[in-house]
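K.L.:
Predicted structure and sequence below. I'll ask about it afterward.
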Amino acid sequence: MTADTVTPAAAPSAAAPEPAPASSRRPLRRRRTPALTDSERGIVSDFDRRQPRVRRTMRGVHVFLAVTLVAAGLGPLLWLAKAAVTPTQDTLREPFALWPNGIDWENLSTAWNDIHIDQYFFNTIVIAAGAWAFQLLVATTGAYTLSVLRPRYARVLNSLVLATLFIPSVVLLVPLYLTIVDPPLLGRDHSLLNNYLAVWLPMAANAFNILLVKRFFDNLPREVIEAAQTDGAGPFRLFWSIILPMSRPILGVVSVFAIIAAWKDFLWPLLVLPDPAVQPLSVRLPAVQSQTELDVFLAALAIATIIPIAMFLIFQRVFLRSAGLGGAVKG
Amino acid sequence: MTLASPDRRRPDAPSRRGTPLTWLRSGGLTRLAFALPMILVFAIFSWTPIVRSVVMSFQRTNLLTPAEWVGLDNFEAVLNDPLLGTAVVNTLYFAALALVMGFPIPILMAVLMSEVKRGKGIYSALAYLPVVVPPVVAVLLWKVFYDASPDGVFNTMLGWFGIGPQPWLQSPDMAMPSLVIEATWAAAGGSIIIYLAALLSVPPELYDAAEVDGASIWRKAWHVTLPQLRGVIFVMLILQILATAQIFLEPFLFTGGGPNNSTVTVLLLIYRYAFQNSLGGNYGMATALSVMLALFLAVLSFVYFRLTNRWSQS
């Protein structure tokens, strides 16, 4: 169900009976060679496919998939796009009629300017960008420590980090909130409430990221690392000029996870950003609903959806690979 | 910046019981610098709060006066809360409905999608679209869909089939199933992609071998595909149970726990104890309930993995 929105609470990956599918054996880059894809086969063989009855059924499967997926996947979004530029009364009376009384483009500008979607939009971007930067920083340096530098305490550190994967996030909620209200060392006078660090830093403590990046670093060719060291590259040089450039695929995956997670987050920003001026869209949208007219509200919802959808359409391959990879690691 | 010779970094190298000076010379400080971001964020925002959660469940804390040890009082207060039973039953109901409605659908869709020769890419993209919609937007949009008037979106669609308008979120009986339908819609795409990846790793030889034995399409699906997916299915099942046990967003935004407490879940109760309390946050009760939920889930997953391991071996 919400497997990818909740931190994989208690999923001892070692306990999975079958070896993890995809990730470990399959190279991360998607295969393009047609010869390979052709040799793949599923339940229905080419021989089966030649039989008229099977061929008819397969055509039925196609129609079924096309209809369900378009209706369920695209339908709600198309409706939202339509309703965003439809006057309230039309949406309420005839939800499926296509603009019986004309298109109302005003909705979008009203939402953008009058209910300050522009500002919340900006806040969301700031939150996502910061969360992305902190998560990448912690995940790459942490994985580099655990995989390449390997100090004496690496093993202890590794198990301590992985152990947090087994703790359901609900346990963290209240004590983490109190940590933000009353930060250690700083004290209550410097509470992090309404400070974006309160969102960025806890998101950076993400064991799943470290696990992903560490696995990738573990599989990098050791010869390259050793050659660089022989040539006199120090730890910083090795990290910045050798390891990171070789890790683009996994950095893309972590970036997608980070940005999407930050864009989706609701409960945590609701708690630690009580001031509406700094809240992201996800927190503001439910709050403004009651004082906003339906058509403008739907326009606001549409605006809030545009960036994630656009990102998905542009980086489709990274998204789908990340989703499959997430399952493989959890598996 | 000192350069440590490669052999010093191997974990199997004899442990260097050197002085701080040799540690420093071998680049210990540099290594620590790389470890520091991870150590700091985990220490402050993960390890300490986890420990603090357990400690706080035995304390009375309101941030103003110093914390006071109260033994098991918090646990007692939670267990005596008449709403707890309702919340537990509702959460179980949600989890059960989500299993019945939401669990088989992605498996079926993934198997069908992996069989078609053309359009796999576009089908995966379409299936994944709902996952990309921010969950808050999805819930608020579905709240409009669930409009109980005869002209509501879903009621209009039911009308096409001659079915009368339904009250959806407004009736205690239908509220929970409505939440489950939305949650299933929002999450199915992610599971479909995971199953599709798993289906790719089914060795084609198995199908060839089954055909040599004269297996029909159904028998191949039942005796080759499903057993090959068993590992992934087991893991997805427990992940879904763990996720539904912590369901919050849907009841919080759709119904706020109503109507008539029919959608109060355990997590909603924790939230209410801590943050929606007129007497100030009851952090003790909130952490006590979180700790109980976490323990329950830990025991559940332990037993589950014990059992599934045994089943996989037999």
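P.N.:
Looks like it came in fine. Residues are numbered from 1 along each chain as shown, chains lettered A, B, ... in the order given.
K.L.:
Point out the other helices and strands that the longest helix along chain B packs with.
P.N.:
Longest helix in chain B by number of residues (criterion: DSSP state H): helix B:283-313. Here helix B:283-313 is seen to pack against helix A:170-181, helix B:48-56, helix B:73-79, helix B:226-245, helix B:266-275 when contacts are counted using 3 or more CB pairs under 8 Å, 6 or more residues apart in numbering or on different chains; DSSP states H and E. For the C-beta atoms, the positions are set from N, CA and C on the backbone; glycine is no exception.
K.L.:
all strands of chain A, in order?
P.N.:
Counting by DSSP state E, chain A yields no residue ranges for strands.
K.L.:
What residues sit buried inside the longest helix along it?
P.N.:
Secondary structure of chain A per DSSP H: the longest helix is helix A:117-144. For helix A:117-144, the buried set under the neighbour-count rule, 16 or more other CB atoms under 10 Å in any protein chain shown, comprises A:117, A:119-121, A:123-128, A:130-132, A:134-136, A:138-144.
K.L.:
do stretch A:172-188 as well
P.N.:
Residues of stretch A:172-188 classed as buried by neighbour count (16+ other CB under 10 Å): A:172-183.
K.L.:
So for the closest residue to residue A:279 other than its chain neighbours, what's the pLDDT?
P.N.:
Leaving out its chain neighbours, the residue that sits closest to residue A:279 by CB to CB, 6 or more residues apart in numbering or on different chains is residue A:273, at 5.1 Å. On pLDDT, residue A:273 comes in at 94.
K.L.:
ditto for residue B:241
P.N.:
92.
K.L.:
Contact partners for it?
P.N.:
Residues in contact with residue B:241 (CB atoms under 8 Å, 6 or more residues apart in numbering or on different chains) are B:95, B:99, B:300.
K.L.:
how about 7 Å then?
P.N.:
Listed by CB atoms under 7 Å, 6 or more residues apart in numbering or on different chains, the contact set of residue B:241 reads residue B:95.
K.L.:
any idea how far residue A:99 lies from residue A:71?
P.N.:
In this structure, residue A:99 lies at 21 Å from residue A:71, with CB to CB, to the nearest Å as the measure.
K.L.:
Ok, residue B:208 next?
P.N.:
Remark: distance between residue B:208 and residue A:71 (CB to CB) = 36 Å.
K.L.:
and what of residue A:133?
P.N.:
For residue A:133, the distance to residue A:71 (CB to CB) stands at 39 Å.
K.L.:
try residue B:51
P.N.:
When distances are taken as CB to CB, residue B:51 and residue A:71 turn out to be 49 Å apart.
K.L.:
And for residue B:226?
P.N.:
Look at residue B:226 and residue A:71: by CB to CB, they are 27 Å apart.
K.L.:
What does residue B:69 show for phi and psi?
P.N.:
Dihedral angles phi and psi of residue B:69 (degrees, to the nearest 10) take the values phi -80, psi 130.
K.L.:
which ones are touching it?
P.N.:
Residues in contact with residue B:69 (CB under 7 Å, 6+ apart) are B:58-59.
K.L.:
which intervals of chain B have sub-threshold pLDDT?
P.N.:
By pLDDT under 70, the weakly predicted segments of chain B are B:1-18, B:278-279, B:312-314.
K.L.:
Please parse it into its domains.
P.N.:
Structurally, chain B divides into domains by automatic domain parsing as follows: B:6-56, B:74-313.
K.L.:
quick one: which of those is nearest residue A:314?
P.N.:
With CB to CB, the closest approach to residue A:314 among the domains of chain B belongs to domain B:74-313: 11.6 Å.
K.L.:
which intervals of the stretch 101-250 of chain A have sub-threshold pLDDT?
P.N.:
Segments of the stretch 101-250 of chain A classed as low confidence (criterion: pLDDT under 70) are not present in this model.
K.L.:
Swap in 90 and give it another go.
P.N.:
Residue ranges of the stretch 101-250 of chain A with pLDDT under 90: A:101-118, A:149-153, A:163-172, A:178-179, A:181-193, A:222-226, A:229-236, A:248-250.
K.L.:
Can you pull the residues of it lying near chain B?
P.N.:
Residues of the stretch 101-250 of chain A lying near chain B by CB under 7 Å from any CB of the partner chain: A:137-138, A:141-142, A:144-145, A:149-152, A:157, A:160-161, A:164, A:167-168, A:170-176, A:178-179, A:181-182, A:184, A:201-202, A:204-205, A:210, A:226, A:229, A:232, A:234-236.
K.L.:
quick one, what contacts residue B:254?
P.N.:
Going by CB under 7 Å, 6+ apart, residue B:254 touches B:139, B:143, B:169, B:179.
K.L.:
A helix includes it, no?
P.N.:
Yes - according to DSSP: H, G, I helix; E, B strand; the rest coil, the state of residue B:254 is that of a helix.
K.L.:
Check the burial of residue B:96 by counting its neighbours.
P.N.:
If you count neighbours by other CB atoms under 10 Å in any protein chain shown, residue B:96 ends up with 13.
K.L.:
ranges for the helices of the stretch 1-150 of chain B?
P.N.:
Per DSSP state H, counting those that start in this stretch, the stretch 1-150 of chain B carries helices over the ranges B:20-25, B:28-42, B:48-56, B:73-79, B:82-102, B:104-115, B:120-132, B:135-145.
K.L.:
Pipe these into a markdown table and attach distance to residue A:285 per row.
P.N.:
As requested, the helices of the stretch 1-150 of chain B are exported to a markdown table (distance: least, CB to CB, whole Å):
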| stretch | distance to residue A:285 |
| --- | --- |
| helix B:20-25 | 53 |
| helix B:28-42 | 29 |
| helix B:48-56 | 28 |
| helix B:73-79 | 32 |
| helix B:82-102 | 23 |
| helix B:104-115 | 28 |
| helix B:120-132 | 16 |
| helix B:135-145 | 6 |
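K.L.:
Looking at those, which one is packed in the most?
P.N.:
Per residue and on average, the most neighbours among the helices of the stretch 1-150 of chain B fall to helix B:135-145, with a mean of 22 (mean count of other CB atoms under 10 Å in any protein chain shown).
K.L.:
wouldn't residue B:260 be in contact with residue B:172 here?
P.N.:
Yes - the pair residue B:260 and residue B:172 passes the contact test of CB atoms under 7 Å, sitting 4.7 Å apart.
K.L.:
Counting neighbours, go ahead and name the busier of those two.
P.N.:
Each of residue B:260 and residue B:172 had its neighbours counted (other CB under 10 Å), and the higher figure belongs to residue B:172 (14 against 11).
K.L.:
List the residues that contact the nearest residue to the more buried one once chain neighbours are set aside.
P.N.:
On the basis of CB to CB, 6+ apart, the spatially nearest residue to residue B:172 that is not a chain neighbour turns out to be residue B:262, at 3.8 Å. Contacts here follow CB under 7 Å, 6+ apart; on that basis residue B:262 touches B:90, B:172, B:175-176.
K.L.:
Reformat those residues as CSV; add distance to residue B:122 and secondary structure.
P.N.:
Conversion of the contacts of residue B:262 to CSV gives the following (distance: CB to CB, whole Å; DSSP: H, G, I helix; E, B strand; the rest coil):
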residue, distance to residue B:122, secondary structure
B:90, 38, helix
B:172, 41, helix
B:175, 35, helix
B:176, 34, helix
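K.L.:
Return the closest of the residues you listed with respect to chain A.
P.N.:
If you rank the contacts of residue B:262 by distance to chain A using CB to the nearest CB, residue B:176 comes first, at 14.3 Å.
K.L.:
Would you confirm that the closest one contacts residue B:93?
P.N.:
Yes - with contact defined as CB under 7 Å, residue B:176 reaches residue B:93; the gap is 5.8 Å.
K.L.:
so who does the residue in the stretch 51-200 of chain B positioned nearest to chain A touch?
P.N.:
Among the residues of the stretch 51-200 of chain B, residue B:194 lies closest to chain A, at 3.0 Å counting by CB to the nearest CB. With contacts defined as CB under 7 Å, 6+ apart, residue B:194 is in contact with A:323-324, A:327, B:232, B:236.
K.L.:
Please spell out which residues along the host helix or strand of it are buried.
P.N.:
Element membership of residue B:194, judged by DSSP states H and E, is helix B:172-200. Of the residues in helix B:172-200, those buried by neighbour count under the rule 16+ other CB under 10 Å are B:174-176, B:178-199.
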